[in-house]
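Visitor: take a look and give me a structure for this.
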Amino acid sequence: MKLAVRVKLLPTPEQASALGATLRALNAAANRVSQVAYERGVPREYELRRHTYAELRSRGLGAQSAQHTIKKVRDAYTTLKANINAGNLGPPGSQRRSKAETKPITFRPDAAQPYDDRNLSWHYDAQTVSIWTTAGRLKNVRFACSAGALKMLMEYRQGESDLIECDGAFYLTATCDVPEAEQYEPDAFIGVDLGIANIATASTGYRAAGRGLNRYRRRQLALRAKLQKKGT
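Guide: Residues are numbered from 1 along each chain as shown. All right, here's what the predicted structure looks like:
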């Protein structure tokens, strides 16, 4: 099964500035690709690449970043179409659906951007990453995570990772392909009956009477009898 592991980047001020500028540039490029896709009726990814790849490269994007930007836009339109077909945006003619269908998809300046092993490399022992930015390759960008998350990354990380900015902090969300755990097959069953005199009675003969609870019950019973004798 696939699990997402998020680590927090700990960049220097110069590295943080480069990461922020990169996200803004990539999402501005994604908005441009989205506009072209909308004008051309949302073509397939290969055709969309033919119309936009050269322009993205002229903007200073690396080859892999340009490819991922185009794919991100195409995937966004695929998701939008699926939501429309599922009725998640309302029936035809509804205000929400019309708003989604009559304009290009836009991306926030800090929206997530996918990376792969060609423009992002992990160094687990040092807990650093090397990542492509519009200012060049940033090396030795530190990250922090729990020991369990680091172990999962080392053993199971595969595929893409997403760079995310949230409230001025940067994160990487990596995909880990973890093997399915072996299912436990019980060899026997027991029944449990819940009651009042005995809190629980198992089919094996075990009875959970609750010593403390029984003391409390006897004390309350004696108190009720004492009060009832008053006849008031």
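
Visitor: what distance do you get for Lys99 to Lys72?
Guide: To Lys72, Lys99 is 21 Å away according to CB to CB, to the nearest Å. In this view, the C-beta of every residue, glycine as well, is placed from N, C-alpha and C.

Visitor: which parts of the top helix by length along the chain are buried?
Guide: Longest helix in the chain, counting residues (DSSP state H): helix 13-39. If you call a residue buried by 16 or more other CB atoms under 10 Å, then helix 13-39 has these buried ones: 15-16, 18-20, 22-27, 29-38.

Visitor: elements contacting that helix?
Guide: On a contact count with 3 or more CB pairs under 8 Å, 6 or more residues apart in numbering; DSSP states H and E, helix 13-39 meets helix 45-58, helix 63-85, strand 113-115, strand 128-133, strand 136-144, strand 157-166, strand 169-177.

Visitor: most neighbours per residue, which of these?
Guide: Per-stretch averages of neighbours, counted by mean count of other CB atoms under 10 Å, single out strand 113-115 among the helices and strands packed on helix 13-39, with a mean of 22.

Visitor: now the closest residue to Ala208 other than its chain neighbours. Its backbone dihedrals?
Guide: Setting aside the residues directly before and after it, Ala208 is nearest to Ala200 in space (CB to CB, 6 or more residues apart in numbering), at 4.3 Å. Backbone dihedrals for Ala200, given as degrees, to the nearest 10, come out at phi -150, psi 140.

Visitor: ok, Arg59 - contacts?
Guide: Applying CB atoms under 8 Å, 6 or more residues apart in numbering, we find Arg59 in contact with 25, 29.

Visitor: repeat the analysis, applying 6 Å as the threshold.
Guide: Residues near Arg59 by CB atoms under 6 Å, 6 or more residues apart in numbering: Ala29.

Visitor: from Leu26, how far out is it?
Guide: In this structure, Arg59 and Leu26 are 10 Å apart, going by CB to CB.

Visitor: could I get the average pLDDT for stretch 71-83?
Guide: Stretch 71-83 shows a mean pLDDT of 95.

Visitor: same check on stretch 212-229?
Guide: 90.

Visitor: what about dumping the CA coordinates of that stretch to PDB?
Guide: Output of stretch 212-229 as PDB, limited to C-alpha atoms (Å, rounded to 0.1, in the frame of the first residue of the first chain):
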ATOM      1  CA  GLY A 212     -14.400  -2.600  43.100                       C
ATOM      2  CA  LEU A 213     -17.700  -2.200  41.300                       C
ATOM      3  CA  ASN A 214     -19.400  -4.800  43.500                       C
ATOM      4  CA  ARG A 215     -18.200  -3.000  46.600                       C
ATOM      5  CA  TYR A 216     -19.700   0.200  45.200                       C
ATOM      6  CA  ARG A 217     -23.000  -1.500  44.400                       C
ATOM      7  CA  ARG A 218     -23.300  -2.900  47.900                       C
ATOM      8  CA  ARG A 219     -22.600   0.400  49.400                       C
ATOM      9  CA  GLN A 220     -25.200   2.100  47.300                       C
ATOM     10  CA  LEU A 221     -27.700  -0.700  48.100                       C
ATOM     11  CA  ALA A 222     -27.100  -0.200  51.800                       C
ATOM     12  CA  LEU A 223     -27.500   3.600  51.400                       C
ATOM     13  CA  ARG A 224     -30.800   3.200  49.500                       C
ATOM     14  CA  ALA A 225     -32.200   0.800  52.200                       C
ATOM     15  CA  LYS A 226     -31.200   3.200  55.000                       C
ATOM     16  CA  LEU A 227     -32.900   6.100  53.300                       C
ATOM     17  CA  GLN A 228     -36.000   4.200  52.500                       C
ATOM     18  CA  LYS A 229     -36.500   3.300  56.200                       C
END
